[in-house]
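*Asks:* Predicted structure and sequence below. I'll ask about it afterward.
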Amino acid sequence: MHELSVVTSIVKIATQEVDKIKGTKALEIYLSIGKLSGVEMSSFHFVWPQCIDGTVLKDAALFVEEPEGKAKCAECGTEFQMERSFDNCPECNSPFKEITAGKELKIKKIIIK
């Protein structure tokens, strides 16, 4: 379950940012976790409370945006939505594509007190 290491990394980064400005805690955290990022959101939400307990994120409000997967076919140029990273082009059935959205895994913003 790599969601545990993802959340642990988020806690570490948030702690560094709070310390950097000599804050006391994070009030809100905004994340972008794409549908093609490989993060299982139910597992993420399961480990989140345990990982943030006793940290600067303990009482922080969590906001998660989950961008849809999008790609552009390398063969015919069709832009299409993807559910899974191995989806083929709906027009020409080519497996070759450039994923243009949905692989994000980033902290967008932290509101610090």
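*Replies:* Thanks, I have it.
*Asks:* Next SSE downstream of the helix or strand harbouring residue 29?
*Replies:* Using DSSP states H and E, residue 29 maps to strand 26-33. Tracing the chain C-terminally past strand 26-33 and defining elements by DSSP H and E, one meets helix 41-52 next.
*Asks:* Parallel or antiparallel, list what pairs with the strand holding residue 29.
*Replies:* Listed by DSSP bridges, the sheet partners of strand 26-33 and their directions read strand 61-65 (parallel), strand 105-112 (antiparallel).
*Asks:* What is the following helix or strand past the shortest one packed up against?
*Replies:* Okay, so that is strand 61-65. Once the chain leaves strand 61-65, the next helix or strand it forms, by DSSP H and E, is strand 69-73. Under the contact definition 3 or more Cβ pairs under 8 Å, 6 or more residues apart in numbering; DSSP states H and E, strand 69-73 sits against strand 79-82, strand 97-101. C-beta here means a position set from N, CA and C on the backbone, and glycine is covered the same way.
*Asks:* Just the mean pLDDT for strand 69-73, thanks.
*Replies:* Averaged across strand 69-73, the pLDDT comes to 98.
*Asks:* Could you do stretch 19-38 as well?
*Replies:* Here the average pLDDT along stretch 19-38 is 97.
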